[in-house]
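[1] got a sequence here, can you build the structure:
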Amino acid sequence: MPSFRHDRAESTLLRELTRIVAGEVRDPDVAAVRVSRVVLSPDKRSARVFVAPWDPATPAEADPRPVEALERATPFIRKALAQSLRMRHVPELRFALDLGERHARRMDELLDRIRKRIRKGLAAVLAATALQFASPAYALGLERLELSSAIMGSEFRIACYASTKSAAAGAVTAAFDEARRVDAFLSNYKQDSELSRINREAARGPVKISPEMADLLDRCLRYARETEGAFDITVGALVSAWGFYKGDGVMPWPWTLWRARRNSGYRHLELNRHERTVRFRRSSLLLDPGGIGKGYAVDRAVAALRARGIEAALVSSGGSSVFALGAPPDGGGWSLDLRGPRSDGRPVATVTLRDEALSASGSYESFFEKGGKRYGHIIDPRSGRPAAGVAAVSVIAPLAIDTEAWSTALLVNGEAWARAHPIPGGRVFLCAEGRDCGWLPTD
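    As a prediction, the model looks like this:
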């Protein structure tokens, strides 16, 4: 089974290849396609790169010219990858058309023809029963569209239903644009983001911030108080000390860890809502949005879909933060598998969501081993060390940002604390280390 590191490497390649192919390859034959997915070999020496048309309405007949153009541009693309990712050994790239998407479009076209025949033959019946059986008519008139894009270093995927394919495509495009906007303002990897500007300047004095950032930081401080410091957006120095910022993790030197702990802690973050400023009380305090960024982007993408009139959609960021908007026409909700620490990769439970979000956190996702002990990427801000005792937590609640923050906090605080502090309006599925997984009481 591919590891989390392998999945993350694929996501990183997907993100960078999407950017390079869309922005740096100047061949006109490439302009009509996008990178849809990347399959990295187990030894990471080669990668299969699948491309698909930007326009979902593009005919399904295979056009070899984009693939041929990308093959010609492979030396340039590999050089660009080496520079952007600082890679010594860039995998060999093999480009191919994404037949999965093309086959899906062929199936959609077939369903279109079937629907037209049904409508023609049953028009009188439907007219007579429309008021009594609104759901079948509703389902019959909806089109399904599923697209993905590399955002926030992972695959951002949206499946939605709309009256027409063009309406669905417009809504999904708007949702992707909103997620990219969130990434541009909240990323600590982009030097021109508002969050990066705060990290550079707030130790020298109050920094003026946007209303959106003020609201978000206020929310993060509330999470920190409610979780007794288990969730903390100021954990950036500790994440760097343990090597999980742009890395796979390392054992920090004692002095490095002491300094990181000294420069962490939400009480050192001073937010003035009236003046709309933020200031750091520690010189090397660093904000890290990793505990809420994807959830917030999912919530904003859902808001963009709703603004376009979409009533049924599933929005996912990296598979770890999901929002189920409404329900697909043929069911009462969106069915999702919950993954746990099982080595065989089988789901530990299945849930059905409707107008709810779900986020999962797990110590098994990203880690390193030293001296026979495993150290995970989720840090307890109070001890400065990786959390232990809980293997995985999944949280269901009305907002994705809430589920993401609370899944992190519950994994840090442990099972006993989670049982004593039920989430208002939420549900928790917890896998303690060495024990069976299960739902926690809601009362």
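[2] how many residues are close by Ala9?
    Counted by other C-beta atoms under 10 Å, the residues lying close to Ala9 total 19. (C-beta placed from N, C-alpha, C; glycine too.)
[3] tell me how far it lies from Ala47.
    9 Å (C-beta to C-beta, to the nearest Å).
[4] contacting residues for Ile378?
    Going by C-beta atoms under 8 Å, 6 or more residues apart in numbering, Ile378 touches Ser361, Ser363, Pro386, Ala387, Thr408, Leu411, Val412.
[5] dump these into TSV; add distance to Ala397, pLDDT and secondary structure as well.
    Listed next are the contacts of Ile378 as TSV, based on distance: C-beta to C-beta, whole Å; pLDDT from 0 to 100; DSSP: H, G, I helix; E, B strand; the rest coil:
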residue	distance to Ala397	pLDDT	secondary structure
Ser361	14	85	strand
Ser363	21	63	coil
Pro386	25	83	strand
Ala387	20	79	coil
Thr408	13	92	helix
Leu411	15	91	helix
Val412	17	92	helix
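[6] who touches stretch 223-231?
    220, 232-233, 265-266, 291-292, 380-382, 405-406, 408-410, 412-413, 417.
[7] could you dump it to PDB, C-alpha only?
    Extracted in PDB, the C-alpha atoms of stretch 223-231 (Å, rounded to 0.1, in the frame of the first residue of the first chain):
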ATOM      1  CA  TYR A 223     -10.000  27.100  19.300                       C
ATOM      2  CA  ALA A 224      -6.800  27.400  21.300                       C
ATOM      3  CA  ARG A 225      -8.800  28.400  24.500                       C
ATOM      4  CA  GLU A 226     -11.500  25.800  24.000                       C
ATOM      5  CA  THR A 227      -8.900  23.000  23.500                       C
ATOM      6  CA  GLU A 228      -6.700  24.100  26.300                       C
ATOM      7  CA  GLY A 229      -3.900  24.900  23.900                       C
ATOM      8  CA  ALA A 230      -4.000  21.600  22.000                       C
ATOM      9  CA  PHE A 231      -4.800  23.500  18.800                       C
END
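[8] buried stuff in it?
    Residues Tyr223, Ala224, Thr227, Gly229, Ala230, Phe231 are the ones in stretch 223-231 that count as buried (16 or more other C-beta atoms under 10 Å).
[9] ok, Cys160 touching Gly309?
    No - contact between Cys160 and Gly309 fails when scored by C-beta atoms under 8 Å: they sit 10.6 Å apart.
[10] now do the shared contacts for these two.
    By C-beta under 8 Å, 6+ apart, Cys160 and Gly309 have these common neighbours: Ala171.
[11] what's the local residue count around Val49?
    Neighbours of Val49 using other C-beta under 10 Å come to 24.
[12] ok, now which ones touch it?
    Counting by C-beta under 8 Å, 6+ apart, Val49 touches Leu13, Leu17, Val35, Val38, Leu70, Leu93, Arg94, Phe95, Ala96.
[13] buried only: go through those residues for me.
    Buried, going by 16+ other C-beta under 10 Å: Leu13, Leu17, Val35, Val38, Leu70, Leu93, Phe95, out of the contacts of Val49.
[14] so which of those are in strands?
    Under the assignment DSSP state E, the buried ones among the contacts of Val49 contribute Val35, Val38, Leu93, Phe95 to strands.
[15] now tabulate the contacts of Ile378 in JSON lines and tack on distance to Asp299 and neighbour count.
    Compiled in JSON lines, the contacts of Ile378 are given as follows (distance: C-beta to C-beta, whole Å; neighbours: other C-beta atoms under 10 Å):
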{"residue": "Ser361", "distance to Asp299": "17", "neighbour count": "28"}
{"residue": "Ser363", "distance to Asp299": "25", "neighbour count": "24"}
{"residue": "Pro386", "distance to Asp299": "28", "neighbour count": "21"}
{"residue": "Ala387", "distance to Asp299": "25", "neighbour count": "23"}
{"residue": "Thr408", "distance to Asp299": "16", "neighbour count": "27"}
{"residue": "Leu411", "distance to Asp299": "21", "neighbour count": "28"}
{"residue": "Val412", "distance to Asp299": "22", "neighbour count": "29"}
